[in-house]
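In: got a predicted model here, sequence first, then my questions.
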Amino acid sequence: MSTTKAPPADPTAFRAFMQARRGAKGKRAQPERPAPLVKPTDERLEKNDRPRKTDGGFYRAPAPIERLRDHRKLDPLPHVNEAMFQAAGKLYSVFYLGGLGGIAAQDLSRCVGGGDGGSCGFPRNERAMHNRQVFREAVRIMGWHEAFPHRGAARLVVDVICFDMAIRDASRIHIPLGRTEVSTAAGMDRLREGLFALASHWRLF
């Protein structure tokens with residue numbers, strides 16, 4: 001059974017009814033006008049953390065530790081903040097020169113039968129061996145397990161510094177406290193503790 005409303009009997013009213021019906025069908029929702037663009041202030045441009053263009057014309061995205069150093073979130077004291085950043089740089093240097101990460105860890109000349117050779121995984125030279133010893137000592141100082149001093153900061157520090165992992169992601173892995181904000185704050189504390197311990201051990205301040 002159709003529920004369409006019958007048109008009125010009066011011709012004038014019928015004409016008005018049809019015009020109103022055509023007008024209702026032809027109406028479309030008008031899109032809202034976009035808000036006018038506001039030019040960023042000079043203070044906002046100074047705080048912009050987008051990748052900077054190098055002299056060669058390329059864009060380089062800063063590492064997480066660089067952003068923390070630039071915003072002075074490692075330590076409020078400038079010299080301590082810079083010393084902790086230098087400690088992070090030295091940790092990455094010994095990690096890379098020791099052949100522990102990235103392409104440097106792939107030594108195809110010593111991998112026999114898919115890595116079953118007796119010399120596979122050993123340092124390539126004395127320099128690599130020395131850097132691995134320095135890295136191992138740094139990990140021991142920061143603490144790899146919860147029972148160590150500084151609440152086992154080495155795991156999170158190595159992920160953030162050596163593997164460029166975001167602090168939020170590393171905190172979710174090593175400090176599963178449920179809420180992201182809580183784990184991230186705890187991860188920042190461990191990162192500061194580990195880098196401060198390294199800066200003190202290497203006498204960078």
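Out: Received it, and whenever you're ready, just let me know what you need.
In: residue 74 falls within a helix, correct?
Out: No. Assessed with DSSP: H, G, I helix; E, B strand; the rest coil, residue 74 is coil; it does not lie in a helix.
In: just checking, residue 95 touches residue 128?
Out: No. Assessed by C-beta atoms under 8 Å, residue 95 is found out of contact with residue 128, at 11.1 Å. Bear in mind the C-beta positions are built from the backbone N, C-alpha and C, glycine included.
In: more neighbours: those two, which one.
Out: Regarding residue 95 and residue 128, a neighbour count based on other C-beta atoms under 10 Å identifies residue 95 as having more, with 23 against 18.
In: name the SS class of that one, please.
Out: helix.
In: near residue 14, how many other residues are there?
Out: By other C-beta under 10 Å, 12 other residues sit near residue 14.
In: where does it land on pLDDT?
Out: We have a pLDDT of 73 for residue 14.
In: what's the spacing between it and residue 20?
Out: Using C-beta to C-beta, to the nearest Å, residue 14 is found at 11 Å from residue 20.
In: same check on residue 159?
Out: Residue 159 sits at a distance of 68 Å from residue 20 (criterion: C-beta to C-beta).
In: okay, these two: which has more neighbours?
Out: Comparing residue 159 with residue 20 by other C-beta under 10 Å, the one with more neighbours is residue 159, at 20 against 10.
In: roughly how far apart are that one and residue 86?
Out: Taking C-beta to C-beta, one finds residue 159 at 19 Å from residue 86.
In: what do you get for residue 100?
Out: 20 Å.
In: same check on residue 196?
Out: Distance of residue 196 to residue 86, given as C-beta to C-beta: 12 Å.
In: also residue 15?
Out: As for residue 15, its distance to residue 86 is 86 Å (criterion: C-beta to C-beta).
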